[in-house]
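Colleague: I'd like to go over a predicted model; first the sequence, then the structure.
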Amino acid sequence: MIKRLIDKLLGKPAKPAAAAEAAAPTAPRIPLGHRVEVPASEHGIDPSLVDERAVKVVHALKEAGYEAYVVGGAVRDLLVGRRPKDFDVATNATPEQVKSLFRRAFIIGRRFRLVHVIFGRGRDHEVIEVSTFRAYLDASEATQIEGNEKTSKAELAGQAHAVDASGRVLRDNVWGPQIEDAARRDFTINAMYYDPETQIVVDYHGGIGDVKQRVLRLIGDPVTRYREDPVRIVRAVRFAAKLGFGFEAKTGAPIQELAPLLANVPVSRLFDEMIKLLQTGHALASIETLKAQGLHRGVFPILDAVYDDVRATPQQQAFVRQALADTDRRVNEGKSVAPSFLLACLLWHDVLAGWQQRKADGEHVIPALQQAIDAVFDARIGDISGRGKLGADMREIWMMQPRFERRQANTAFSLIEQPRFRAGFDFLRLRADVGEAPTELAEWWEDFSLGDDDERDALLAAAREAARPAPRRVPARAAAPAPAAGAPAAQETDDEAAESGEADDTGPPTGAEAPARKRRRRRRRSGGGAGGAAAEGGGEGGAAP
């Protein structure tokens, strides 16, 4: 409108509205697809793999008159016969309406408003994430913000749909029908809805077919979708590695070209995506996929520390591979994996290099390690280190390593009482596996931590004995002839050597060695002369007791 007004003031002919619209560049609109309901006889989902608490949430929403489905990655995993780790639910109820139906429910998020419905308490609690169907609006229909989440908080306040200059979505909270909610999801395999009561899968974009063909395909124009949310690049890598899927040609082609867009993503969100990438049970495959796409350098500061070609050593690479393999094994065995342990492994050799340099510069062991840890947090993690427990656990694992070398009673008993002892010990054992720490040290601590009181006392006694310096042995010498008169200096020199504990190896061997006998140094008498010297003499065996 303003442009047309300026043109009118300048006397320029006005363009027809249709011509103006045709001239304006527009991003390709995402196809909405069409609804296909796939029965259980075709999709083959095993209902026993569906979490009962997700079923309860769906049932409560439907009973209140709303639509509700299990959605996204959970449906994808169910289709390939996996038990999903997390269950999300999508509904046409607003966040406020969802919250009103559950006693323990909390509305979270600004970019995407969601509801967390909580079941259980403490460590055994489970969260079912409930989202409202969103309308699909392309970038031309959104409010464009010049900055980002941090620099444009005032402009974003109250906005339901906003994008930055590159097209990245900063707010997406416009509610809409399910068909549009499916279109705005990223990959076809994540855009399916499962009703656990009717056991019907609703599929708008051929997701079931892509699962069967093991293909990862973005909905709509890939360049547009990556620009909307560059984190989709990382998600594409994660899904490909986790599921063993290949990229559909158009989906894989622009990844390397658009990877610089990840620099605009908030550090905290990118950090969370990296943790997911390494904790899927396919960390090694994820790293290889990142390498294949050229994303292992320059995207994640932590991985930059790991895959620095200049500083990398075979021992460091073996350590990282072993850590990732152990993480994959634990995940696939259904065991928990602490992100702090994995991050401590990835950054250890950065810490180790700084620690060794500071010790070489004359700093004491513990202060040198503390300073090296602080430097690595600043360089590789930044404000993520402020996440409290994560940073504290990493620091504790690293600070335990020099303490393992001190096997005294007070240190040993206090160390095994530490809450993070097991993580610190596993870290030591990993170091021993690659030859960085003595194998016998790791074995000693394992025996000590598992032993009873008598076994621990024996281990401490053995450690004390091993640490005690070996006594110097002085071979016995044959009796020397009495010194000639006038040779008191030779006698004194011999006495001084015996007193200092120095062995004289010039005498013949005597078979069994005996400990050297300390000899008392004699005083000279004031009156010299041959008689005085002879009275002080008497050879080696004449020393006063």
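Modeller: It's in.
Colleague: which element is the residue nearest to residue 425 when sequence neighbours are not counted on?
Modeller: In this structure, residue 425 finds its nearest non-sequential neighbour in residue 445, 5.8 Å apart by CB to CB, 6 or more residues apart in numbering. No exception for glycine: its C-beta is placed from N, CA and C like everyone else's. Using DSSP states H and E, residue 445 maps to helix 439-450.
Colleague: How about residue 251?
Modeller: helix 249-252.
Colleague: hmm, back to that, ok, the residue nearest to residue 425 touching residue 404?
Modeller: Yes. Residue 445 is within contact range of residue 404, at 6.1 Å (criterion: CB atoms under 8 Å).
Colleague: what residues are shared contacts of these two?
Modeller: 425, 428 (CB atoms under 8 Å, 6 or more residues apart in numbering).
Colleague: Residue 428 and residue 404 touch, don't they?
Modeller: Yes. Applying CB under 8 Å, one finds residue 428 in contact with residue 404, separated by 5.3 Å.
Colleague: Mutual contacts of those two, please.
Modeller: Taking CB under 8 Å, 6+ apart as the contact rule, residue 428 and residue 404 both touch 437, 441, 445.
Colleague: Would you confirm that the second one contacts residue 425?
Modeller: No. With the criterion set as CB under 8 Å, residue 441 and residue 425 do not qualify as a contacting pair; they are 10.6 Å apart.
Colleague: more crowded one of the two?
Modeller: More crowded of residue 441 and residue 425, by other CB atoms under 10 Å: residue 425, with 21 against 17.
Colleague: so what's the more buried one up against?
Modeller: Residue 425 sits next to 400, 404, 442, 445-446, 449 when contact means CB under 8 Å, 6+ apart.
Colleague: Please apply the same query to residue 354.
Modeller: Going by CB under 8 Å, 6+ apart, residue 354 touches 371-372, 375-376.
Colleague: now residue 96
Modeller: residue 107.
Colleague: again, 10 Å this time
Modeller: Neighbouring residues of residue 96 by CB atoms under 10 Å, 6 or more residues apart in numbering: 107, 113, 115, 132.
Colleague: Pretty sure the first one sits in a helix.
Modeller: Same thing as residue 107. No. According to DSSP: H, G, I helix; E, B strand; the rest coil, residue 107 belongs to no helix; its state is strand.
Colleague: where do the strands sit along this protein?
Modeller: Per DSSP state E, the chain carries strands over the ranges 36-38, 68-71, 88-91, 105-108, 114-119, 126-132, 143-144, 161-163, 169-172, 192-195, 200-203, 215-216, 246-247.
Colleague: about what we covered before: list the buried residues in the helix holding residue 251.
Modeller: Residues of helix 249-252 classed as buried: 251-252 (neighbour count, 16 or more other CB atoms under 10 Å).
Colleague: which helices and strands sit right next to it?
Modeller: In terms of contacts (3 or more CB pairs under 10 Å, 6 or more residues apart in numbering; DSSP states H and E), helix 249-252 is packed against strand 215-216, helix 222-228, helix 231-243.
Colleague: In CSV, list those along with distance to residue 79, mean pLDDT and mean neighbour count.
Modeller: Formatted as CSV, the helices and strands packed on helix 249-252 follow (distance: least, CB to CB, whole Å; pLDDT from 0 to 100; neighbours: other CB atoms under 10 Å):
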stretch, distance to residue 79, mean pLDDT, mean neighbour count
strand 215-216, 13, 95, 21
helix 222-228, 22, 90, 21
helix 231-243, 10, 91, 22
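Colleague: Export those to JSON lines and append columns for distance to residue 73.
Modeller: As requested, the helices and strands packed on helix 249-252 are arranged in JSON lines below (distance: least, CB to CB, whole Å):
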{"stretch": "strand 215-216", "distance to residue 73": "13"}
{"stretch": "helix 222-228", "distance to residue 73": "17"}
{"stretch": "helix 231-243", "distance to residue 73": "8"}
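Colleague: closest to residue 82 out of the ones you listed?
Modeller: The closest of these to residue 82 is helix 231-243. By CB to CB, the value is 9.1 Å.
Colleague: Quick one: end-to-end length of stretch 36-49, please.
Modeller: Length of stretch 36-49, first residue to last, CA to CA, to the nearest Å: 23 Å.
Colleague: follow-up on the earlier one: list the contacts of the helix holding residue 251.
Modeller: Contact with helix 249-252 is made by 186-188, 215-219, 221-223, 225-226, 232, 236, 240, 246, 292-293, as judged by CB under 10 Å, 6+ apart.
Colleague: ok, now which ones touch the spatially closest residue to residue 204 that is not a sequence neighbour?
Modeller: Of all residues not flanking residue 204 in the chain, residue 33 sits nearest, at 3.7 Å (CB to CB, 6+ apart). Residues in contact with residue 33 (CB under 10 Å, 6+ apart) are 179, 182-183, 188, 191, 203-207, 219-220.
Colleague: Dump those into JSON lines; add distance to residue 356, neighbour count and pLDDT as well.
Modeller: Shown next, in JSON lines, are these (distance: CB to CB, whole Å; neighbours: other CB atoms under 10 Å; pLDDT from 0 to 100):
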{"residue": "179", "distance to residue 356": "60", "neighbour count": "15", "pLDDT": "94"}
{"residue": "182", "distance to residue 356": "55", "neighbour count": "28", "pLDDT": "94"}
{"residue": "183", "distance to residue 356": "55", "neighbour count": "22", "pLDDT": "91"}
{"residue": "188", "distance to residue 356": "50", "neighbour count": "26", "pLDDT": "96"}
{"residue": "191", "distance to residue 356": "51", "neighbour count": "25", "pLDDT": "94"}
{"residue": "203", "distance to residue 356": "57", "neighbour count": "26", "pLDDT": "96"}
{"residue": "204", "distance to residue 356": "57", "neighbour count": "23", "pLDDT": "95"}
{"residue": "205", "distance to residue 356": "54", "neighbour count": "26", "pLDDT": "95"}
{"residue": "206", "distance to residue 356": "56", "neighbour count": "19", "pLDDT": "94"}
{"residue": "207", "distance to residue 356": "52", "neighbour count": "28", "pLDDT": "95"}
{"residue": "219", "distance to residue 356": "51", "neighbour count": "25", "pLDDT": "94"}
{"residue": "220", "distance to residue 356": "52", "neighbour count": "21", "pLDDT": "90"}
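Colleague: would TSV of those residues with distance to residue 251 be doable?
Modeller: TSV is the format used below for these (distance: CB to CB, whole Å):
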residue	distance to residue 251
179	22
182	17
183	16
188	10
191	14
203	18
204	17
205	13
206	14
207	14
219	10
220	11
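Colleague: Tell me which two of those sit farthest apart.
Modeller: Longest span within the contacts of residue 33, CB to CB: 203 and 220, 16.1 Å.
Colleague: gap between residue 323 and residue 397?
Modeller: Going from residue 323 to residue 397 by CB to CB, to the nearest Å gives 12 Å.
Colleague: And residue 448, by the same measure?
Modeller: In terms of CB to CB, residue 448 sits 18 Å off from residue 397.
Colleague: Looking at these two, which is more packed in?
Modeller: In this view residue 448 and residue 397 are compared by other CB under 10 Å, and residue 397 has more residues nearby, 24 against 20.
Colleague: Quick check: closest non-adjacent residue to that one.
Modeller: Counting by CB to CB, 6+ apart, the nearest residue to residue 397 once its immediate chain neighbours are dropped is residue 344, at 4.5 Å.
Colleague: For the closest residue to residue 246 other than its chain neighbours, list the residues it contacts.
Modeller: Leaving aside its chain neighbours, residue 246 sits nearest to residue 215 (6.2 Å; criterion: CB to CB, 6+ apart). Going by CB under 10 Å, 6+ apart, residue 215 touches 187-189, 206, 209, 240, 245-249, 251.
Colleague: Residue 207 versus residue 215, what's the distance?
Modeller: Using CB to CB, we find residue 215 at a distance of 10 Å from residue 207.
Colleague: Can you give me the neighbour number for residue 456?
Modeller: A count of nearby residues for residue 456, using other CB under 10 Å, gives 18.
Colleague: swap that for residue 293, please
Modeller: Around residue 293 there are 19 other residues, counting by other CB under 10 Å.
Colleague: ok, now residue 43?
Modeller: 18.
Colleague: Bridged to the closest residue to it other than its chain neighbours, which residues?
Modeller: Leaving aside its chain neighbours, residue 43 sits nearest to residue 201 (4.8 Å; criterion: CB to CB, 6+ apart). Counting by DSSP bridges, residue 201 is bridged to residue 38, residue 194.
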